[in-house]
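Pasting a predicted model and its sequence here:
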Amino acid sequence: MSDNQPREGGGKYGEKVTEQDILKAFDYSDDPFLTTTELAEQLPVSRQAVSYRLEQMRKKGLVDKKKTGARAAGWWAMLGPRLSDKAEERANAADPDSTISHEKLKAELDIE
């Protein structure tokens, strides 16, 4: 087991990682995909726990993966993490006239 995951007094693992924690780890990374080992290094759980959680999230359509070798795979998020209350408040308060859609930006920049 990973040294990242502390045990409680009775020997049980104490920390739990949510789907949002995993989505945030993807969001914080500059890499287009991450391995279970890379995710486990960022989270307080073992690589096996990350692998199990990723498979559960894949069934929900939250993440996907591509095998890169006999026993290796790269994972990526299919969506971003939920906004914090403060970020959501700021987004809702933004002036609509100072925003631009992705489609309009692509057209202005002549990007297909």
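Structure's in. What do you need?

Give the buried residues for the longest helix along the chain.
Identified as the longest helix of the chain according to DSSP state H is helix 47-59. For helix 47-59, a neighbour-count test (16 or more other CB atoms under 10 Å) marks R47, A49, V50, S51, R53, L54, M57 as buried. The way it works is simple: take the backbone N, C-alpha and C, and place the C-beta from them, glycine included.

which secondary structure elements does that helix contact?
helix 19-28, helix 36-42, strand 63-67 (3 or more CB pairs under 8 Å, 6 or more residues apart in numbering; DSSP states H and E).

starting at the chain centroid, how far to it?
Between the centre of helix 47-59 and the centre of its chain there are 12 Å (CA atoms, centre = their mean, to the nearest Å).

Kindly report the same for stretch 80-89.
Distance of stretch 80-89 from the chain centroid (CA atoms, centre = their mean) equals 14 Å.

Please apply the same query to stretch 79-99.
Its chain's C-alpha centre and that of stretch 79-99 lie 19 Å apart, by CA atoms, centre = their mean.

gap between the two ends of that stretch?
By CA to CA, to the nearest Å, the extent of stretch 79-99 from end to end equals 21 Å.
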